[in-house]
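> Got a predicted model here, sequence first, then my questions.
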Amino acid sequence: MNIAANPHISADQTVYLKDYQQPSFLVDSINLDIQVHDDHTHVFSTLVMKRNAAGDLVLLGRDLELKSIKLNGEPLNSEDYTLDDEQLVITNAPDQLTLETQVVIHPESNTQLEGLYKAGDLFVTQNEPEGFRKITFYPDRPDVLSVFTTRVEADKKYPVLLANGNLLETGTVGEDRHFAIWQDPTKKPSYLFACVIGDLAVLKDRYTTSEGRDVALEIYAIEKDIPKCKIAMEALKHSMRWDEEHYGRPYDLDNYMIVAVSQFNMGAMENKGLNIFNTSCVLADEEYTTDAAIMRVQSVIAHEYFHNWTGNRITCRDWFQLCLKEGLTVFRDQSFSEDLQSAAVQRIDDVAVLKAHQFPEDAGPLSHPPRPDHFVEINNFYTATVYEKGAEINRMMATLLGKEKFRQGTDEYFKRFDGQAVTVEDWIDALSAGSGVDLSAFLIWYNQPGTPKLEVESEYLPDQRTYRLNFKQSLKAHPKYPNLKAVPIPVALALFNPQTGEQYTLNSPDLFENQVKDGVYLFDQDHASIEFSGVDQPPVVSLLRNFSAPVNLVFNYTDEELAFLIQHETNGFNQWQASQTLLERILLQEHSVEPYIDAIQKTLPTLVRQDPLLASRLFDVPTEGYLGSRIDHDYQPEQVQEKRNSVLETLARALNGFWKETYLALNPALQHDFSQAMGERALKNIMLSMMARQGDDEVFELAYTQYQTTGNMSERLGALRVLVWNDAPQAQQALDDFYNRYKDEALSLDQWFMIQAANPNATAETIRTLTQHPDYDLGTPNRVRSVSGGLSNNPVNAWSYGVEHYIDLAQYFDEKNPILGSRLLQVLSRWYTLAEPHKTRVKEALQALQPKVKSKNVKETLNSILSV
Ligand code: BES
Ligand code: ZN
């Protein structure tokens, strides 16, 4: 690569935030003509550009075969520009210019699923973050916004020709070919460009916005999947209404299209007016997909829709600002989902993801701030930290401001920056100005890595009838980010009367505490204390309600206090958190299981009836993976597994008849409310697995009957899991039956692969059989992930024969699909916590991979992983 031509990129390919420079040229309009053929595609582009700042005209391009180039109508000679693997640079370009290029590309052999590629018989694009440069030469950066006019031309065997915006014209070319011309009136960066060419069916609907705009809604999928698009369509309309009601944001085009694709690296993509979705994030149907998948579809639909304002109308200045659009949009989709089901359960599930993925990421070699200040490959930064921690930062500010002020803040943001490419600072400034509250301290959260440790101590002073809480925060030192600062931590809290279980009112005159506003204390120093007066006995405190900040809370609750909170806390999230803390102590610190069992026995019978979904979450026993992520050295996965199994057995035995009685009493089919029914189904599956742990003779019969008689995928899969994971006599029969039922249903078949790969008893041979199965396909990321993801469910297996599995895949995908290769390799990032000799063995295997890989993606991840 020609380093001299691009001063923003250093010799080791690292890009730095501090080196940001304005683009030298802007693009007023781009005309694209994409002509698709079986063995190649022609792309003609005309850019109308004007100078914006000093510097050369830089057009990025990768894997493009340049056929012709004209500047202001004149063909350029090869001396007029420099061209390398990454870019085309024209020095001394005039201030106003029209640039025409013609290139040839090869979507038919593009396995990286970036740019224009072929997914089966369908041509689709994926351009975020840097895929557009694989379609044509362009200043492919998010701060260059332009009006796109797109002509797509293909054989008539591909009847569907889509691109962003409004359809202007269609027509035929000769006998066999046809074309469509689309124009997107909204200026957008190139990463939001999309086109789709293929043979698809469509589900149609309409929506009228609050402004009276009549919008045509279309979801494209293969014919047999059209009935599975209905839930997504309802979710889309719901999202459109929700964004109007909660953020005052109506939709701005006359059509909104979604296309379902079975080969896709990510979940979904928010291309303007033309979203492209992984089938797993749009197809939903009780018969073929699980309840969890149905909930996921609704939240991903909302997420991509919400990007229309937070991401598209207001976009990112550069990719360091990724969490500006992703963190905010995840916060928005989480809030939307809290309105769909039990809000507490949504919060529980979101925090569980945060703790299972983001906390370990932030504690290991891949740790980085939500807004990093350097990267080699931006695709490696679509991380739990950017997304989930990013969402938490927005949630903290929203918690602190309250609904009304937060809305004033977001209104100001949309007013100031509509149509612009902005930074995290711009967001914080607008939010502060609109709400009238200075939020600038929250910038610290964006700029530094690590999960803060929040230590709290309590004191009761009987003479003063005073209860005091002392707060302290700290962060682990990070080699690349010195000067770590204290962050603002909103601590939502409540005090309870230990005798009656009732919650005290914090702002009552006799229990006065002026630093706690609406139940939230803003702790923003290294140390601080707050006091509550007029307290006659030591209360039970519940800290960090609803997980009001993404921190590691250390507070020495007694086990009895935690059991008390399971019973009396009215915040469902903290009720769950208390159960998790208690279980974690039992699992990692050998505490007695009695207080947990006691609390569960007292709480569950009522809760099962009231909120079965929340009840089901109280049985969440921290996974082996999560427990492992809490161990920083001498980690022995086998020990964690053994301990966890023995606790589960104790639990299963202690509640003897409860499991079966509850199982038999539940009848999800009678529940009309989806959330209730989903809760009952979740409970039924838990009951089955606990009965299996008890060694109940009848459990396999019950499971097999459930498997056979249900029409619901969560029930069918739950039963299948119990049979397969416990080596039941009926297991093989059920697996064969499942295969025959669903062999033509890719998403259901993914579950079949997953359940076998995730079996705790799976061996290297099991995995080999699965990966050699005729339906296993390295070209379909979903299929690969169902096996690799299933395997990672069992750290004991993942850290033994799994190591080779992941390393082989990383090597294979290094060339074929580096984005996927890099992600799969991240499973091994905590190798250094393993006990010897295991640790050295994995390290050597990783080191042996180093000379073999070439992509920036895999190399950067491997180097980081090995840098501890
Ligand atoms: N913009 C992303 C999709 C994306 C990211 C595509 C990186 C290519 C590279 C999209 O909005 C997104 O965030 N999708 C998530 C799902 C969402 C619900 C968090 C995904 O794809 O996992
Ligand atoms: Zn997103």
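The structure has been received and is ready for your questions. Ligands and ions are numbered 1, 2, ... in the order given.
> I219 - that's part of a helix, no?
No - read with DSSP: H, G, I helix; E, B strand; the rest coil, I219 is strand and lies in no helix.
> In contact with it, which residues?
V202, L203, C229, A232, M233, L236, M257, I258, V259, A260, V282 (CB atoms under 8 Å, 6 or more residues apart in numbering). C-beta coordinates here come from the backbone N, C-alpha and C atoms, glycine included.
> Distance to D524 for these - can I get that in CSV?
Shown next, in CSV, are the contacts of I219 (distance: CB to CB, whole Å):
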residue, distance to D524
V202, 52
L203, 50
C229, 47
A232, 42
M233, 45
L236, 40
M257, 45
I258, 42
V259, 46
A260, 46
V282, 42
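> Downstream of the one helix or strand T399 maps to, the next helix or strand is which one?
Applying DSSP states H and E as the criterion places T399 in helix 390-417. Toward the C-terminus, helix 390-417 is succeeded by strand 421-422 as the next helix or strand (DSSP H and E).
> which other residues reach that next one?
P142, D143, L145, P189, I314, T315, C316, R317, Q321, L324.
> can you rerun that using 6 Å?
Residues outside strand 421-422 that contact it (CB atoms under 6 Å, 6 or more residues apart in numbering) are P142, D143, T315, R317.
> For those, give me CSV that also has neighbour count.
As requested, the contacts of strand 421-422 are exported to CSV (neighbours: other CB atoms under 10 Å):
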residue, neighbour count
P142, 23
D143, 19
T315, 24
R317, 19
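> filter those down to the ones near ligand 1?
On the criterion CB under 6 Å from any ligand atom, none of the entries of those sits beside ligand 1.
> Turn these into CSV, including secondary structure.
Converted to CSV, the contacts of strand 421-422 look like this (three-state DSSP):
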residue, secondary structure
P142, coil
D143, coil
T315, strand
R317, coil
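> now, which of these lie close to ligand 2?
Subset of these in contact with ligand 2: empty, counting by CB under 5 Å from the ion.
> What ranges in this protein fall below the confidence cut-off?
1-11, 507-514 (pLDDT under 70).
> mind redoing it with 50?
1-10 (pLDDT under 50).
> For it, what lies in contact range of ligand 1?
Counting by CB under 6 Å from any ligand atom, the chain sits next to ligand 1 at 126, 128-129, 266-270, 299-300, 303-304, 307, 326, 330, 333, 382, 387.
> now Q811, what's its secondary structure?
helix.
> quick one: it and E114, what's the gap?
19 Å (CB to CB, to the nearest Å).
> So what touches the host helix or strand of F564?
Element membership for F564, per DSSP H and E: helix 559-568. If you take CB under 6 Å, 6+ apart as the criterion, helix 559-568 is touched by 496, 501, 540, 542, 575, 578-579, 581-582, 591, 595, 599, 602-603.
> Which of these fall in helices?
Q575, A578, S579, T581, L582, P595, A599, K602, T603 (DSSP state H).
> Pipe these into a markdown table and attach neighbour count and distance to S855 per row.
Formatted as a markdown table, the ones in helices among the contacts of helix 559-568 follow (neighbours: other CB atoms under 10 Å; distance: CB to CB, whole Å):
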| residue | neighbour count | distance to S855 |
| --- | --- | --- |
| Q575 | 24 | 46 |
| A578 | 24 | 45 |
| S579 | 24 | 43 |
| T581 | 20 | 41 |
| L582 | 24 | 45 |
| P595 | 20 | 51 |
| A599 | 24 | 51 |
| K602 | 13 | 55 |
| T603 | 18 | 51 |
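> just how off-centre is the helix holding F564 within its chain?
Computed by CA atoms, centre = their mean, to the nearest Å, the chain-centroid distance of helix 559-568 equals 32 Å.
> For that helix, list every residue counted as buried.
Under the neighbour-count criterion of 16 or more other CB atoms under 10 Å, helix 559-568 has D559, E561, L562, A563, F564, L565, I566, H568 buried.
> cool, and stretch 569-587?
For stretch 569-587, the neighbour count (16+ other CB under 10 Å) marks 569, 571-587 as buried.
> just to revisit the earlier point, CA-only coordinates of the helix holding F564 in CSV, if you can.
Provided in CSV are the C-alpha atoms of helix 559-568 (Å, rounded to 0.1, in the frame of the first residue of the first chain):
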residue,chain,number,x,y,z
ASP,A,559,-26.8,-14.0,52.4
GLU,A,560,-29.9,-13.3,54.4
GLU,A,561,-30.2,-9.8,53.0
LEU,A,562,-30.0,-11.2,49.5
ALA,A,563,-32.6,-13.7,50.3
PHE,A,564,-34.7,-10.9,51.8
LEU,A,565,-34.4,-8.9,48.5
ILE,A,566,-35.4,-11.9,46.4
GLN,A,567,-38.6,-11.9,48.5
HIS,A,568,-39.3,-8.2,49.0
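> tell me what the helix holding T399 is packed against?
Helix 390-417 sits against helix 322-340, helix 424-435, strand 489-496, with contacts defined as 3 or more CB pairs under 6 Å, 6 or more residues apart in numbering; DSSP states H and E.
> Quick one: work out the angle between it and strand 489-496.
With axes from the mean of the first three to the mean of the last three CA atoms, to 10 degrees applied, the angle from helix 390-417 to strand 489-496 works out at 120 degrees.
> Let the chain start at 598 from now.
Sure thing, new numbering starts at 598, so read that last one as helix 987-1014.
> quick one: the strands in the stretch 798-947 of the chain?
Using DSSP state E, counting those that start in this stretch, the strands of the stretch 798-947 of the chain run over 798-805, 811-818, 852-858, 865-866, 871-875, 912-913.
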